[in-house]
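[1] A predicted structure for the sequence below; I have some questions about it.
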Amino acid sequence: MSAGLHTLDGRVAIVGAGIAGLMTALRLAPRPVVLVSKAPLGVEASTLWAQGGLAAALGCDDSPQLHAADTLAAGDGLCAPRIVERFTRAAPQAIDELARLGVAFDRVGGGGFALGLEAAHGRRRIVHAGGDGTGRELMRALVAAARRTPSIRVLDGFEARRLVVEDGAVRGLLVVGPAGPLMLAADKVVIAAGGVGGLYEDSTNPSGSFGHGLALAARAGAELADPEFVQFHPTAFDGPGRPMPLVSEAVRGEGAVLIDETGERFMAGSPGAELAPRDVVARAIWRRRAEGHRVFLDARQALGDRFATRFPVIAAFCREAGIDPARQPIPVRPAAHYHMGGIAVDAEGRSSLRGLWACGEAASTGLHGANRLASNSLTEAVVFAGAVAESVAGASFARGAPPRPPKAPPAADPAAVRPILSAAAGVMRNGDDLAQAVASLAPLALGAGPCADPAAVALMIAVAALQRRESRGAHCRADFPDKASQARRTTLRLDSALAFARDCAPTALERRALV
Ligand SMILES: Cc1cc2nc3c(=O)[nH]c(=O)nc-3n(C[C@H](O)[C@H](O)[C@H](O)COP(=O)(O)OP(=O)(O)OC[C@H]3O[C@@H](n4cnc5c(N)ncnc54)[C@H](O)[C@@H]3O)c2cc1C
């Protein structure tokens with residue numbers, strides 16, 4: 001155990017230092033918190049890489065009702081309408097709050113926010129910073145705000161490995177840092193550890209975003225919601241680099257079009273064309289590629305020489321790969337990008353486990369339904385960080401004896417899981433492949449190796465995808481192409497997922513191995 005850190009006991013513990021963790025910590029001030037981040041502060045987080053921006057109804061032709069209507073339409077019948085309404089009403093204040101914290105958003109001449117357009121938004125409502133450098137600017141400002149807030153104690157370079165639960169409530173968090181394991185006695189823990197893209201081979205997420213927060217919650221007995229809904233971004237840069245750089249939706253918002261290697265604009269005839277919801281565009285590209293074509297995003301006419309000024313980050317990585325986006329089409333393909341599912345939470349961010357809250361991409365509030373509307377996630381993190389902080393501050397639990405630290409599991413490594421999940425739970429899915437993935441993942445999830453936690457999350461994704469016998473939003477089954485008449489959300493616990501895997505196992509021997 002590391003010595004000298006016992007003063008952290010009794011603080012609210014927050015796992016993750018992206019926008020969700022940082023905003024929750026700031027909103028809880030001056031209440032003492034310990035902010036745990038496995039990467040150095042401001043380094044590895046999806047937030048840092050965000051390009052497009054944050055959605056909020058700020059234009060004079062816009063309203064929270066119009067923003068809500070677009071969010072519900074993209075969510076394909078599965079959004080929680082009350083959450084959508086609350087979110088779209090609060091979104092404009094969330095942007096003001098970030099501006100007050102020092103985020104330098106791009107502005108127009110009169111001082112108002114410069115508003116971008118993205119796919120499936122009926123209005124220009126995307127606030128951005130530094131063109132496509134929104135995430136960098138957010139992290140710069142929020143890390144600076146956290147560093148000047150005395151109530152926030154940062155433990156970076158520490159990985160959360162287990163939640164300690166006694167008598168059905170959270171009692172502590174086991175973290176592992178440079179000097180070994182450290183037990184934080186905490187009866188209030190907020191998981192803000194980001195998404196699951198790192199469970200896939202083709203992903204736009206930092207490789208450390210492999211659902212570790214979901215694994216901690218699931219192993220502690222908390223419910224996950226809608227884990228099968230993984231959003232595939234249609235236009236990741238199709239090069240050898242992993243994670244894959246993203247070519248933001250905002251490029252299509254500025255008029256860029258999708259073509260194949262023959263120059264055919266293959267989405268021209270479909271509703272919404274290139275600005276249809278993400279799941280629709282991702283499937284169109286997937287099909288085109290399955291027919292043996294290559295797919296490109298062509299910004300030559302729409303942006304031409306303006307490309308590098310409006311999208312400096314994208315222009316830079318294109319140039320590094322030898323492509324000039326002002327004069328050449330950009331090669332693109334779909335990649336795992338965002339998780340609509342996550343730890344099941346209520347409107348206050350409370351999970352099904354006493355003492356555990358979740359915020360940001362790790363949480364499933366029901367806002368995104370079956371398919372997230374572009375740029376709703378950063379705003380969601382800010383809006384719900386406020387709700388989580390209020391709920392945490394208002395909760396009081398009787399203190400017991402210090403929790404007993406469990407044995408620390410090894411550092412998690414998703415490498416063995418990636419090929420299994422990618423083959424079965426990608427853009428197009430089918431029952432046989434998913435059943436095969438469930439059979440492969442269950443023994444890994446039950447093991448004690450580095451892939452056990454990633455496998456537990458991947459198993460829950462595969463089980464929920466196998467059980468959802470319909471196609472809706474980002475979940476598309478070749479063997480069940482129609483949408484069920486009734487939309488229902490999934491809730492799933494790890495023990496139920498393992499029991500399901502056991503029931504599916506073809507032989508008694510295999511069933512016994514899963515006990
Ligand atoms: C390339 C890219 C572009 C995007 N563009 C946009 C956009 O324009 N607009 C938009 O709304 N959304 C965008 N998104 C999605 C959005 O960025 C994320 O949903 C959002 O940033 C998630 O924030 P978060 O705080 O929940 O998680 P993250 O920002 O991913 O932060 C997670 C934190 O948890 C830490 N962590 C993880 N596991 C552990 C552990 N076991 N112990 C300790 N720490 C841990 C990580 O180190 C990190 O600090 C984009 C995503 C990507 C990848």
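    Yep, it's here.
[2] Look at Gln328 and say how many residues are nearby.
    By other CB atoms under 10 Å, 14 other residues sit near Gln328. Heads up, the C-betas are built off the backbone N, CA and C, glycines and all.
[3] Let me see the contact set for it.
    Gln328 sits next to Arg300 when contact means CB atoms under 8 Å, 6 or more residues apart in numbering.
[4] go on, Val388?
    24, 27, 190, 348-349, 357-359.
[5] Could I get the full set of helices for the stretch 151-300 of the chain?
    212-219, 249-253, 278-290 (DSSP state H, counting those that start in this stretch).
[6] So which of these is the most surrounded?
    helix 212-219 (a mean of 28; mean count of other CB atoms under 10 Å).
[7] Quick one: check it for contact with the ligand.
    Yes. Using CB under 6 Å from any ligand atom, we find that helix 212-219 touches the ligand at 212-213.
[8] quick one on the thing from earlier: need the helices of the stretch 151-300 of the chain in CSV (columns: distance to Phe232).
    Shown next, in CSV, are the helices of the stretch 151-300 of the chain (distance: least, CB to CB, whole Å):
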stretch, distance to Phe232
helix 212-219, 18
helix 249-253, 13
helix 278-290, 4
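[9] Quick check: which of these is nearest to Asp482?
    Proximity to Asp482, assessed across the helices of the stretch 151-300 of the chain by CB to CB, is greatest for helix 278-290 (14.8 Å).
[10] for the closest one, packing partners?
    Helices and strands touching helix 278-290, by 3 or more CB pairs under 8 Å, 6 or more residues apart in numbering; DSSP states H and E, are strand 230-237, strand 257-260, strand 295-298, strand 330-339.
[11] Check the residue nearest to Phe210 when sequence neighbours are not counted and give its pLDDT.
    Counting by CB to CB, 6 or more residues apart in numbering, Phe210 lies nearest to Gly198, which is 3.5 Å off, once chain neighbours are set aside. Note for Gly198: predicted pLDDT of 98.
[12] quick one on the thing from earlier: got a quick PyMOL command for the buried subset of the contacts of Val388?
    Buried subset of these, written as a PyMOL selection, criterion 16 or more other CB atoms under 10 Å:
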select buried, resi 24+27+190+348+349+357+358+359
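[13] contacting residues around the residue in the stretch 101-250 of the chain that the ligand sits nearest to?
    Nearest residue of the stretch 101-250 of the chain to the ligand: Gly194, at 2.7 Å (CB to the nearest ligand atom). With contact taken as CB under 8 Å, 6+ apart, Gly194 is in contact with 16, 18, 20, 45-46, 205-206, 209, 213, 360-362.
[14] Quick check: the gap between Gly263 and Arg294.
    Between Gly263 and Arg294 the computed distance is 12 Å (CB to CB, to the nearest Å).
[15] Which one's more surrounded, these two?
    Shown here are Gly263 and Arg294; by other CB under 10 Å, Arg294 has more neighbours (15 against 9).
[16] residue contacts, the residue nearest to His233 when sequence neighbours are not counted?
    Leaving aside its sequence neighbours, His233 sits nearest to His337 (CB to CB, 6+ apart; 3.6 Å). With contact set as CB under 8 Å, 6+ apart, His337 has these partners: 197, 203-205, 231-233, 236, 246.
[17] Spell out which residues of the stretch 201-350 of the chain are next to the ligand.
    Counting by CB under 6 Å from any ligand atom, the residues of the stretch 201-350 of the chain near the ligand are 204-205, 208-209, 212-213, 246, 338.
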